[in-house]
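K.L.:
Take this sequence and fold it.
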Amino acid sequence: MKKGIKKFWEGKVYLGVSFWVWYIIGGSALTLPFWIVSDSALDSSVGLSIFMILYFIFVIVAILFLMIGTWRSAEEYKKIKRRKKQGAGWGVAAQFYIVLSVINIALKLVMLVVNL
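P.N.:
I've put the predicted structure just below:
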């Protein structure tokens with residue numbers, strides 16, 4: 001498992017697996033507790049609220065990890081395609097998606113802080 005995580009971090013995982021399995025499916029799975037736990041449950045339980053705050057911090061770090069690993073996989077993909085004198089559109093598209101995701105997360109965090 002450590003080797004797989006290290007391989008992902010270094011961008012040595014094929015872009016399709018890196019993007020779809022690690023970033024999209026893995027990242028989405030990490031956010032499931034936020035969809036499951038209701039606001040009323042958070043209001044009524046201090047322990048659950050503290051856990052969710054800590055989990056939120058963990059998710060932010062994990063999503064950053066997933067973004068960086070996927071970005072590096074996209075860079076590797078583009079290098080391989082350039083060597084073969086082929087188009088690297090999927091690598092560019094993956095990186096564009098990550099940039100849009102960063103903007104989206106930043107806007108959501110700003111809105112969260114503003115609404116506190």
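K.L.:
what about the longest helix in this structure?
P.N.:
helix 46-83 (DSSP state H).
K.L.:
which SS state does the closest residue to Glu75 other than its chain neighbours fall under?
P.N.:
Closest residue in space to Glu75, ignoring its immediate chain neighbours: Gly11 at 6.0 Å, by C-beta to C-beta, 6 or more residues apart in numbering. All C-beta spots, glycine's among them, are computed from the backbone N, C-alpha and C. Secondary structure for Gly11, judged by DSSP: H, G, I helix; E, B strand; the rest coil, is coil.
K.L.:
I figured Gly11 was touching Lys78, is that so?
P.N.:
No. In this structure, Gly11 is not within contact of Lys78 by C-beta atoms under 8 Å, at 10.5 Å.
K.L.:
what do the two both touch?
P.N.:
Jointly contacting Gly11 and Lys78 under the rule C-beta atoms under 8 Å, 6 or more residues apart in numbering is no residue at all.
K.L.:
Same question for the host helix or strand of Leu107: list its buried residues.
P.N.:
Mapping Leu107 onto the secondary structure by DSSP states H and E places it in helix 89-115. Neighbour-count burial for helix 89-115 flags 91, 94-95, 97-98, 101 (criterion: 16 or more other C-beta atoms under 10 Å).
K.L.:
do stretch 9-22 as well
P.N.:
Buried positions in stretch 9-22, judged by neighbour count with 16+ other C-beta under 10 Å: 11, 13, 15, 18-19, 22.
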